[in-house]
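1. Have a look at this prediction, sequence included:
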Amino acid sequence: MNKHIDEVEITIFDTETTGLEPQTGDRIVEIAGIRFRGKEKLATFSTLVNPQRQISPGAFAVNKISEEMLAGAPLISQVMPKFLEFIAGSCLCSYNASFDLEFLQNELKLLKKDFPQEIIVLDVLKMARRLLPQLERYALWFVAQRLGIKEQQQHRAFSDVEITWEVFSRLKEILTSKGVTDFKNFSNLFTLNPLLLQNINSERIAQIEEAISQALRLKIKYLSSSSAQVTERQVTPKEIKKENNYSYLVGFCSLRNEERSFRIDGILHLEII
């Protein structure tokens, strides 16, 4: 049975780093996380990490973490096993998750370890872009401000995690108010896992192709990427097309009385009539 979003344990995490490019040697200097289920905070994690290299002036200007502060901090080889234990069995989540995930994967690679493939990774930035499409910018502090969150971003791992948790909670409320409460749709909309996204989209594409082959109509529940509105529609499917790395259902929409295109990752529910 598909779980409700609030039944799933989620860990929001954040990293501070020596710079922006792990490929050229930048390392993690701080990592933090909050593990929660629904509105219940289950555990927290926070530590500085000795990167065994200098911090760039640009990074220090942002996070104010000095080399003196890191001198007695544990190495990543000591921190990573504890962090992996902390996140085990949960869904991992971050703001601009691709950045933090790239650093996490790089540190694991240096330790000759692989990132756990079973962990679903969600992006709160992706949530903000999808659910607040009219915002003029999407920096964490700006989105938090627009959602009425008063805490100021300090560019330290744990404080940023706390703000991200607040942003996540507000965005989740927006989503549930639209009737989207199941974790399968939630992860399909906001995951960074290409295989998970591919599997869910492939399942829907197979249903659409079946309807096309039998000249049948579809009933869909759809989250618009331009307005963030959820609508129910009946569509006579015509074709599936790919454009800008997205797959689309093209068909005649009875709601608009015209041919329309629907991003397949925005289809929340689909059934053949």
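-> That came through, no problem. Numbers count the residues shown, from 1 in each chain.

2. pretty sure Ser179 is in a strand, no?
-> One correction, residue 179 is Gly, not Ser. No: going by DSSP: H, G, I helix; E, B strand; the rest coil, the assignment for Gly179 is coil, not a strand.

3. Skipping adjacent residues, who's closest to it in space?
-> Val230 (6.2 Å; Cβ to Cβ, 6 or more residues apart in numbering). No exception for glycine: its C-beta is placed from N, CA and C like everyone else's.

4. what sits against the one you found?
-> Lys178, Gly179, Val180, Lys221, Tyr222, Leu223, Ser224, Leu268 (Cβ atoms under 8 Å, 6 or more residues apart in numbering).

5. Quick one, which of the residues you listed are buried?
-> The neighbour-count test (16 or more other Cβ atoms under 10 Å) applied to those identifies Val180, Lys221, Tyr222, Leu223, Leu268 as buried.

6. Hmm, Lys219 and the last one touching each other?
-> In this case it means Leu268. No: judged on Cβ atoms under 8 Å, Leu268 makes no contact with Lys219 at a distance of 11.6 Å.

7. Where does pLDDT dip in the chain?
-> 1 (pLDDT under 70).

8. where exactly do the strands run in the stretch 51-200 of the chain?
-> 91-94, 121-123 (DSSP state E, counting those that start in this stretch).

9. Return the most buried member of these.
-> strand 91-94 (a mean of 24; mean count of other Cβ atoms under 10 Å).

10. Check the offset of that one from the chain's centre.
-> 7 Å (Cα atoms, centre = their mean, to the nearest Å).

11. likewise stretch 194-207?
-> 18 Å.

12. buried ones in that stretch?
-> Those would be Leu197, Ile200, Asn201, Arg204, Gln207, for stretch 194-207 by 16+ other Cβ under 10 Å.

13. Help me confirm that the second one comes into contact with Phe190.
-> Looking back up the chat, that one is Ile200. No: using Cβ under 8 Å, Ile200 is not in contact with Phe190, being 12.0 Å away.

14. thinking again about what came up before, is it possible to export the buried residues of stretch 194-207 to JSON lines including distance to Glu40?
-> Converted to JSON lines, those look like this (distance: Cβ to Cβ, whole Å):
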{"residue": "Leu197", "distance to Glu40": "28"}
{"residue": "Ile200", "distance to Glu40": "28"}
{"residue": "Asn201", "distance to Glu40": "32"}
{"residue": "Arg204", "distance to Glu40": "33"}
{"residue": "Gln207", "distance to Glu40": "36"}
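
15. thinking Met127 is in contact with Arg170, fair?
-> No: between Met127 and Arg170 there is no contact, the gap being 9.8 Å when judged by Cβ under 8 Å.

16. neighbour count winner among the two?
-> Neighbour count, other Cβ atoms under 10 Å: between Met127 and Arg170, Met127 has more, with 23 against 20.

17. if I look at the more buried one, how far off is Asn188?
-> As judged by Cβ to Cβ, to the nearest Å, Met127 and Asn188 stand 12 Å apart.

18. would you list the strands of the stretch 51-200 of the chain in JSON lines and tack on distance to Ile28?
-> Converted to JSON lines, these look like this (distance: least, Cβ to Cβ, whole Å):
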{"stretch": "strand 91-94", "distance to Ile28": "13"}
{"stretch": "strand 121-123", "distance to Ile28": "17"}
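
19. give me phi/psi at the closest residue to Arg260 other than its chain neighbours?
-> Leaving aside its chain neighbours, Arg260 sits nearest to Cys253 (4.2 Å; criterion: Cβ to Cβ, 6+ apart). Main-chain torsions, Cys253, degrees, to the nearest 10: phi -100, psi 120.
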